[in-house]
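Enquirer: sequence first, predicted coordinates after that:
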Amino acid sequence: MSRRLTVAPLADHYFANAEKGNLQSLPLSQQPFRFFEYWTLKEAYIKARGMGLSIPLDRFSFDVTQAGRIDLHVDPCLEDDAERWMFWQWSLDQDYLLALCAQRNCNAATPSVQLWRALPLLTSQTEDTGPLRTSHSPSSKLAS
């Protein structure tokens, strides 16, 4: 995230209209962080679906305007249900964002996710950082 880049051309090419509008409404200093919030969520979704970049990135969008919350919107042409997916996003250190997408199991409780910080062959420890935002909350109807 520390790379300096102009996000508007990339967003114009890859993001849905709602994401572009939200990005453009932010001060320039906040746009790179929001860009990477969207980018990591998009990457997590296309990987979870197992279809990679064959899914047009502008045919689904994320709403991250509510504090702590992720909402997915899917174009009907993608033949997918947004309620089928759960998302988590973490800000690791100040330079890294991590997003995770998992298929929801309607008969199971919302899974608990544990992060680990590891240096291969040297050490590993749990990461106590809670998610920056999620697509569900313990009191939400989506947690069932």
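Expert: Okay, I see it.
Enquirer: tell me, how many residues neighbour F33?
Expert: 14 (other C-beta atoms under 10 Å). In short, each C-beta sits where N, CA and C put it, glycine included.
Enquirer: got it, and F87?
Expert: The number of residues packed near F87 is 24, by other C-beta under 10 Å.
Enquirer: that one is in contact with A99, isn't it?
Expert: Yes: the criterion here is C-beta atoms under 8 Å, and F87 meets it with A99 at 6.6 Å.
Enquirer: which neighbours do those two share?
Expert: Common neighbours of F87 and A99, counting by C-beta atoms under 8 Å, 6 or more residues apart in numbering, are L41, A44.
Enquirer: quick one: the strands in this structure?
Expert: Here the chain has its strands, by DSSP state E, at 60-63, 71-74, 85-92, 96-103, 115-119, 123-127, 133-134.
Enquirer: switch these over to TSV; also include distance to K47 and mean pLDDT.
Expert: What follows is the strands of the chain, written out as TSV (distance: least, C-beta to C-beta, whole Å; pLDDT from 0 to 100):
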stretch	distance to K47	mean pLDDT
strand 60-63	13	98
strand 71-74	14	97
strand 85-92	12	93
strand 96-103	7	94
strand 115-119	17	84
strand 123-127	21	85
strand 133-134	18	90
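Enquirer: TSV for those, including distance to G50?
Expert: Formatted as TSV, these follow (distance: least, C-beta to C-beta, whole Å):
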stretch	distance to G50
strand 60-63	15
strand 71-74	15
strand 85-92	13
strand 96-103	10
strand 115-119	23
strand 123-127	27
strand 133-134	22
